[in-house]
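S.K.: no FASTA, just this:
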């Protein structure tokens, strides 16, 4: 067993039921994921990173931080600069004016770039970051689709700048240190890419410090949190300029006609340009092919949540990839069931035994792998940064919707099985492998969502959700953990029935999350249910029953029902002494917890 952060209760992992963890004295106060904070004691910082009066007490010398900034350690932009970036001069000028406006002493200036998918919001923020990076000491991008990604990217800042707690291994603490540092400095730019809504982003925005924030989002409603700036399609002249730059061609009429056919949508123009650059197809010929293929696409029905121009340009490019290198098209199908950003190629190779044989053999061979990735990159279906791959969300959507239902199910199931295979097995309290869990978490949440919707691989999905929930719980992110473990419980009740031992694991773990959230009465109900299932499955004196008796005893202690808590803790102690002997760690845990209750009881 492993110990839940902040509760003193024990967690249960599938297949790992015999360990234990010891509580020492009162449990620590949990760190909420809804409030990024850090201990600021010992840190007194001046107003500006370049201010010679900076004082940092009992931590790093300011000259060391300045040296790290000179080494570009404050620069974190996950994408290369787009050499084909075109136009948008008015938007860039307006954006710069907006972030520089207002009270420059106390406020953090927040601007939200909003617009439909494929319109170029991220590319605009990217160009701004590179064009004006010399105006800042820190330029930092944060993946903002999930709270976990924002925490991880903040934590990376703490690591790069060696801020207080940089080597703690605790993402909450590290993110809090970075946020605190920014709140006491200026000359920084944060880009929250693909943010969902004001409520989920607000806890991660620095309060003050005089820095600048750019948000990219499809959501147009940001209330008082940010000033919106709508990003629209290209002007026709910008579309033509982009096509000339992307293809090296100069047929202005054909370029104008194609731009009109593509609706001046940047993503569609990029896919068309990449195809023409790769195949050397003239603009006029591509336009003809587009018009013919468009009829085929439209015959299947107008897409509901993305422009049909994207579906058509994707269709042309995907067909070319499929003819050139079929395995590459299979890879894109797999990618469409993962999170869109930072798909880790290393883990795909590691879990390749879960893939079709033809695909696995290519991934396991470096030359074959590089060839497949290059094929997708040539047609601008993916982007690459180091060992990670990103796929535009619209490209993922079109890829999924182009598949027949059975194909969708197969790839959703494959994604879950692969992630289930590579997710670290013993991650509870093992800080060293938390970075691995962090990398995989967004992809797990995406893949399990698709698999649940399509009713595929329910056993693997339930297990993966349970493990992810426990990981979130150990980070102190209890609200997210509750949601994930509730999904695992719902799936497993359907698979195994309500009284199966696997269901009891989920019930026990959900009880631990509820306890951490302070919902003690509900936690008590879940622990009582877990005990009942365990007694039926294993008998009343099984060590698994002891785990749950201990957990129930701790909840009863928190509720102030000390006499009843004593009964359950004494029961857990008796079972474990019989099963393991008097000197086992589980027995020590029980003695410790019982001692706390007896001390309170007087």
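M.R.: Thanks, I have the structure now. Values in this document were obtained by computation on a predicted structure and should not be read as measured data. Numbering: from 1, shown residues only.
S.K.: so where's the stretch 301-450 of the chain shaky on pLDDT?
M.R.: Applying pLDDT under 70 to the stretch 301-450 of the chain flags residues 302-305.
S.K.: Geometrically speaking, which residue is the centre of the chain?
M.R.: residue 442 (3.5 Å; Cα atoms, centre = their mean).
S.K.: what's near enough to touch residue 484?
M.R.: By Cβ atoms under 8 Å, 6 or more residues apart in numbering, the contact set of residue 484 is 445, 465, 468-469, 472. The way it works is simple: take the backbone N, C-alpha and C, and place the C-beta from them, glycine included.
S.K.: Quick check: chain neighbours aside, which residue is closest to it?
M.R.: residue 469 (3.9 Å; Cβ to Cβ, 6 or more residues apart in numbering).
S.K.: pretty sure the one you found is touching residue 481, no?
M.R.: Yes: contact criterion Cβ atoms under 8 Å: residue 469 and residue 481 qualify, at 4.7 Å.
S.K.: Need the overlap of contacts for those two.
M.R.: Joint contacts of residue 469 and residue 481 (Cβ under 8 Å, 6+ apart) are residue 513.
S.K.: what's around residue 344, how many residues?
M.R.: Residue 344 has 18 neighbours, counted by other Cβ atoms under 10 Å.
S.K.: should've said residue 521
M.R.: Applying other Cβ under 10 Å, we find 9 other residues in the vicinity of residue 521.
S.K.: got it, and residue 249?
M.R.: 20.
S.K.: again with residue 118
M.R.: Look at residue 118: counted by other Cβ under 10 Å, it has 23 neighbours.
S.K.: Looking at the closest residue to it other than its chain neighbours now. What's its pLDDT?
M.R.: Take residue 118 and drop its neighbours on the chain: the residue closest to it by Cβ to Cβ, 6+ apart is residue 267, 3.2 Å away. We have a pLDDT of 93 for residue 267.
S.K.: wait, isn't residue 267 in contact with residue 397?
M.R.: No: between residue 267 and residue 397 there is no contact under Cβ under 8 Å: 11.5 Å.
S.K.: what about those two, which has more around it?
M.R.: Higher neighbour count among residue 267 and residue 397: residue 267, with 25 against 19, using other Cβ under 10 Å.
S.K.: need the longest helix for this structure.
M.R.: Once the chain is assigned using DSSP state H, the helix that runs over the most residues is helix 434-454.
S.K.: How far does it sit from its chain's centre?
M.R.: Relative to its parent chain, helix 434-454 has a centroid offset of 8 Å by Cα atoms, centre = their mean, to the nearest Å.
S.K.: What's the separation between the closest residue to the residue nearest to the centre of the chain other than its chain neighbours and residue 393?
M.R.: Distances taken as Cβ to Cβ, 6+ apart put residue 339 closest to residue 442, at 3.8 Å, once the chain neighbours are dropped. According to Cβ to Cβ, to the nearest Å, residue 339 and residue 393 sit 10 Å apart.
S.K.: now swap in residue 425 and tell me
M.R.: 31 Å.
S.K.: between those two, which one's more packed in?
M.R.: A direct count of neighbours by other Cβ under 10 Å for residue 425 and residue 393 places residue 393 higher, at 19 against 12.
S.K.: which residue packs closest to that one, ignoring adjacent ones?
M.R.: Closest to residue 393 by Cβ to Cβ, 6+ apart is residue 340, at 5.0 Å.
S.K.: Surely the one you found is in a strand?
M.R.: No: Residue 340 sits outside any strand when classified using DSSP: H, G, I helix; E, B strand; the rest coil, being coil.
S.K.: That one: neighbouring residues, count only.
M.R.: Applying other Cβ under 10 Å, I find that residue 340 has 23 neighbouring residues.
S.K.: where's stretch 457-471 relative to the chain centroid, distance-wise?
M.R.: 16 Å.
S.K.: what residues does that stretch touch?
M.R.: 2, 11, 13-14, 412-413, 416-417, 419-420, 423, 427-428, 434, 437, 441, 444-445, 447-448, 451-452, 481-482, 484-485, 487-488, 491-492, 494-495, 502, 505-506, 509, 513.
S.K.: Now with 6 Å, please.
M.R.: Identification of contacts with stretch 457-471 by Cβ atoms under 6 Å, 6 or more residues apart in numbering yields 11, 14, 413, 416-417, 420, 423, 427-428, 437, 444, 448, 451-452, 481, 484-485, 487-488, 491-492, 495, 506.
S.K.: now do stretch 252-264
M.R.: With Cβ under 6 Å, 6+ apart as the test, stretch 252-264 has contacts from 233-234, 236, 239-240, 243, 268-269, 283-284, 287, 290, 309.
S.K.: next one: stretch 521-538
M.R.: 499, 501, 504, 507-508, 510-511, 514-515, 544-545, 548, 551-552, 555.
S.K.: In strands, which of those residues fall?
M.R.: Of these, none are assigned to strands by DSSP state E.
S.K.: For residue 307, give me its contacts.
M.R.: residue 265.
S.K.: hey, where'd the helices end up in the stretch 451-600 of the chain?
M.R.: For the stretch 451-600 of the chain, the helices defined by DSSP state H, counting those that start in this stretch cover 458-474, 478-496, 501-516, 520-538, 543-559, 562-580, 585-601.
S.K.: There's contact between residue 121 and residue 231 in this structure, I believe.
M.R.: Yes: assessed by Cβ atoms under 6 Å, residue 121 is found in contact with residue 231 at 5.1 Å.
S.K.: Please enumerate the shared neighbours of the two.
M.R.: Common contacts of residue 121 and residue 231, defined by Cβ under 6 Å, 6+ apart, comprise 113, 115.
S.K.: The residue nearest to residue 393 and residue 388 touch, don't they?
M.R.: No: assessed by Cβ under 6 Å, residue 340 is found out of contact with residue 388, at 11.2 Å.
S.K.: returning to what we had before: so between residue 121 and residue 231, which is more surrounded?
M.R.: Counted by other Cβ under 10 Å, residue 121 and residue 231 do not tie: residue 121 has more neighbours, with 25 against 20.
S.K.: Report pLDDT for that one.
M.R.: 94.
S.K.: ok, for it, nearest residue in space, not its chain neighbours?
M.R.: Take residue 121 and drop its neighbours on the chain: the residue closest to it by Cβ to Cβ, 6+ apart is residue 216, 4.1 Å away.
S.K.: ok, so what distance separates the nearest residue to residue 596 once chain neighbours are set aside from residue 523?
M.R.: Distances taken as Cβ to Cβ, 6+ apart place residue 557 nearest to residue 596, at 7.0 Å, with adjacent residues excluded. Separation of residue 557 from residue 523 (Cβ to Cβ) stands at 12 Å.
S.K.: Among the two, which residue is more densely surrounded?
M.R.: More crowded of residue 557 and residue 523, by other Cβ under 10 Å: residue 523, with 27 against 23.
S.K.: Now do the same for the more buried one: its pLDDT.
M.R.: 97.
S.K.: Next: the one 10 residues further on.
M.R.: In the prediction, the pLDDT value recorded for residue 533 is 97.
S.K.: and if you look at residue 253?
M.R.: Note on residue 253: pLDDT of 97.
S.K.: Cheers, nothing more for now.
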